[in-house]
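Colleague: Compute the structure for the input listed below.
(one chain, ligands or ions: 2)
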Amino acid sequence: MSTFQAPKGTYDLIPPESAKYLAVREAIAAPLRNSGYGYIETPGFENVELFARGVGESTDIVTKEMYAFETKGGDQLALRPEGTASVLRAALEANLHKLGNLPVKLWYSGSYYRYERPQKGRYRHFSQVGAEAIGAEDPALDAELIILADQAYRSLGLRNFRILLNSLGDKECRPVYREALQTFLRGLDLDEETLRRADINPLRVLDDKRPDVQKQLTDAPLLRDYLCDACKAYHEEVRQLITAAGVSFEDDPKLVRGLDYYTRTTFEFVHDGLGSQSAVGGGGRYDGLSEMIGGPALPSVGWALGVDRTVLALEAEGVELELPASTSVFAVPLGDEARRVLFTKVTELRKLGIAADFSYGSKGLKGAMKSANRSGARYTIVAGERDLAEGVVQLKDMESGDQRAVGVNEIVAELESKLG
Ligand code: ATP
Ligand code: MG
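Modeller: Numbers count the residues shown, from 1 in each chain. Ligands and ions are numbered 1, 2, ... in the order given. As a prediction, this is how the structure comes out:
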């Protein structure tokens, strides 16, 4: 081991496990790509003010979890703690919303950074795949995103997850509820910090994970009893559309998001095999965010799914992903001439799209066959001087153990027909 280790709260993705992460990212992205979402990539850091305004000054993310720093040039930046604010900033900057093609539908995949207390499923560097649909208020769009996330998880083989759904109201009905909740919270026995939170952002108190706080919240007023008619109708439409799609969900009247800009539809995907870090993903509508960061009114909806926790959820359910074999053919040359010939064959196979690898270094036959086994290759080609003199290589089927001679000039076509 070297003197250096990965920083606290981080971990490395290393083969073969790393293949699972790629597969999860791919599986989450596939339904999005298939539904009109275009890929967007933004910088790993932004002006700190974007997050302060876009995520919310009073959120844990901004007050406690952000990696903020000043550059040598004096710029105030922060490593991105989440994706939505950056994606919206980029869309506004590129004027995507002015192309007359709303909603702008985008998906992203990347690393996010939060200074958290590290635990299983909670890291300081983690990975998300996210989707945002910007500039349209349409219950079908909210439903689309929930259905696509459900499809992504199911395509991976996940079954023990639940979708929690709620509406947070809008700028008409939420303030009335906010008052009622505040009045209720002020009558509770809460610590000073929580009381302060109740003043600034009372909805977030509902999200408090401490059992003693949760107990006091049993009789808290519920937003659902305060929704205006428009919000009620909107929410009912979302519920009907996802039900019609065969996606089941649970109404969770106390579900709020940790971010200030969410309005109306809000949802979370939880997995029951993950202990306290149970949220594998979440999202909702954020009709107010664009204006908050200096853009025009652009009602939008999106989600972010956590890749790390999705991998943990797969492990908790014992799901084995069907990962494509990383190597189909492994070449074992015995001697210099065989080395040149087989290396050429490996290159040809690779050009045809067949995953092929080669025994490098000067291993003996035994060591090379061990590498062939480890590679997981279905076929091994072995050649020594005598084989080449006869114009053949030995083709070994690693599953059956059968071995036979195949002409040097036929081997590539033979493997192509077997594997193609
Ligand atoms: P939590 O309540 O668990 O802190 P969150 O509400 O902060 O989650 P979001 O900001 O909604 O999470 O991020 C979306 C998803 O990203 C989460 O559902 C989770 O899967 C993942 N995620 C968030 N923070 C972390 C982290 N520190 N480590 C690993 N995954 C994370
Ligand atoms: Mg969090």
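
Colleague: what about stretch 151-160, near ligand 1?
Modeller: No - judged by CB under 6 Å from any ligand atom, stretch 151-160 makes no contact with ligand 1; its nearest approach is 11.7 Å. No exception for glycine: its C-beta is placed from N, CA and C like everyone else's.

Colleague: ugh, wrong one, I meant stretch 50-60
Modeller: No - contact of stretch 50-60 with ligand 1 (CB under 6 Å from any ligand atom) is absent, the minimum separation being 7.6 Å.

Colleague: Return the distance of that stretch from the chain's centre.
Modeller: 22 Å (CA atoms, centre = their mean, to the nearest Å).

Colleague: With stretch 168-184 instead?
Modeller: 32 Å.

Colleague: Quick one: mean pLDDT for it?
Modeller: Confidence over stretch 168-184 (mean pLDDT, whole number) is 92.

Colleague: Name the residues that touch it?
Modeller: By CB atoms under 8 Å, 6 or more residues apart in numbering, the surrounding residues in contact with stretch 168-184 are 198-199, 202-203, 205-206, 219-221, 223, 226-228, 230-231, 256-257, 262-266, 284-285, 287-288.

Colleague: run the last query once more with 7 Å
Modeller: 198, 202-203, 220-221, 223, 226-228, 231, 256, 262-264, 266, 287 (CB atoms under 7 Å, 6 or more residues apart in numbering).

Colleague: Tell me which entries of those lie within helices.
Modeller: When DSSP state H is applied, these are split such that Ala198, Cys231 fall in helices.

Colleague: Tell me which of the contacts of stretch 168-184 has the lowest pLDDT.
Modeller: Tyr262 (82).

Colleague: Apart from its chain neighbours, what residue comes closest to that one?
Modeller: Gly284 (4.7 Å; CB to CB, 6 or more residues apart in numbering).

Colleague: That neighbour should be in a helix, yeah?
Modeller: No - assigned with DSSP: H, G, I helix; E, B strand; the rest coil, Gly284 falls outside any helix and is strand.

Colleague: Just confirm it contacts Thr266, I think it does.
Modeller: Yes - between Gly284 and Thr266 there is a contact under CB atoms under 7 Å: 3.5 Å.

Colleague: who's more crowded, the two?
Modeller: Gly284 (28 against 25; other CB atoms under 10 Å).

Colleague: what sits against that one?
Modeller: Gly284 neighbours (CB under 7 Å, 6+ apart): Arg257, Tyr262, Thr265, Thr266, Phe267, Val301.

Colleague: Just put these in a markdown table and tack on distance to Gln182.
Modeller: Listed next are these as a markdown table, based on distance: CB to CB, whole Å:
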| residue | distance to Gln182 |
| --- | --- |
| Arg257 | 18 |
| Tyr262 | 18 |
| Thr265 | 23 |
| Thr266 | 19 |
| Phe267 | 25 |
| Val301 | 27 |
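
Colleague: I'd like to know which of those residues are buried.
Modeller: Arg257, Tyr262, Thr265, Thr266, Phe267, Val301 (16 or more other CB atoms under 10 Å).

Colleague: who's in contact with the residue in the stretch 201-350 of the chain positioned nearest to ligand 1?
Modeller: Here the residue of the stretch 201-350 of the chain nearest ligand 1 is Gly306; by CB to the nearest ligand atom that distance is 2.1 Å. With contact taken as CB under 7 Å, 6+ apart, Gly306 is in contact with Phe126, Gln128, Val280, Gly281.

Colleague: Is the last one within a helix or a strand, and which one?
Modeller: In this case it means Gly281. Assessed by DSSP states H and E, Gly281 sits inside strand 279-285.

Colleague: buried sites along the helix or strand hosting Gly110?
Modeller: Gly110 belongs to strand 104-113 when assigned by DSSP H and E. Within strand 104-113, the residues that count as buried by 16+ other CB under 10 Å are Val104, Lys105, Leu106, Trp107, Tyr108, Ser109, Gly110, Tyr112, Tyr113.

Colleague: Please pull up the helix or strand immediately following it.
Modeller: Assignment by DSSP H and E places the next element after strand 104-113 at strand 125-134.

Colleague: Quick one: mean pLDDT for that following strand?
Modeller: 98.

Colleague: Strand partners (parallel or antiparallel) of that strand?
Modeller: strand 104-113 (antiparallel), strand 300-306 (antiparallel) (DSSP bridges).

Colleague: Tabulate the ones you listed in JSON lines, adding columns for mean pLDDT.
Modeller: Listed next are these as JSON lines, based on pLDDT from 0 to 100:
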{"stretch": "strand 104-113", "mean pLDDT": "98"}
{"stretch": "strand 300-306", "mean pLDDT": "98"}
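
Colleague: okay, the ones you listed in JSON lines with distance to Ala52 next?
Modeller: Listed next are these as JSON lines, based on distance: least, CB to CB, whole Å:
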{"stretch": "strand 104-113", "distance to Ala52": "15"}
{"stretch": "strand 300-306", "distance to Ala52": "19"}
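
Colleague: Which of the ones you listed sits closest to Asn95?
Modeller: When the strands paired with strand 125-134 are compared by CB to CB, strand 104-113 sits nearest Asn95, at 10.1 Å.

Colleague: residues touching Glu317, list them.
Modeller: Glu317 neighbours (CB under 7 Å, 6+ apart): Leu158, Arg159, Asn160, Gly273.

Colleague: ChimeraX command to pick out the buried ones of the residues you listed?
Modeller: Buried residues among these (16+ other CB under 10 Å), as a ChimeraX selection:
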select :158
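
Colleague: Leu352: which of the contacts of Glu317 is nearest?
Modeller: Of the contacts of Glu317, the one sitting nearest to Leu352 (CB to CB) turns out to be Leu158, at 34.5 Å.

Colleague: State the helix or strand in which the nearest residue to the closest one once chain neighbours are set aside lies.
Modeller: The shortest distance from Leu158 to any non-neighbouring residue, by CB to CB, 6+ apart, is to Ala313 (5.9 Å). Applying DSSP H and E as the criterion places Ala313 in helix 307-317.

Colleague: who's in contact with the helix or strand that comes right after that helix?
Modeller: With elements assigned by DSSP H and E, the helix or strand that comes after helix 307-317 is strand 329-333. Here strand 329-333 makes contact (CB under 7 Å, 6+ apart) with 339, 342, 345-346, 349, 354, 356-359, 368-369, 372, 375, 377, 379-383, 415.

Colleague: so of those residues, which ones are in strands?
Modeller: Among those, DSSP state E puts Ala356, Asp357, Phe358, Tyr379, Thr380, Ile381, Val382, Ala383 in strands.
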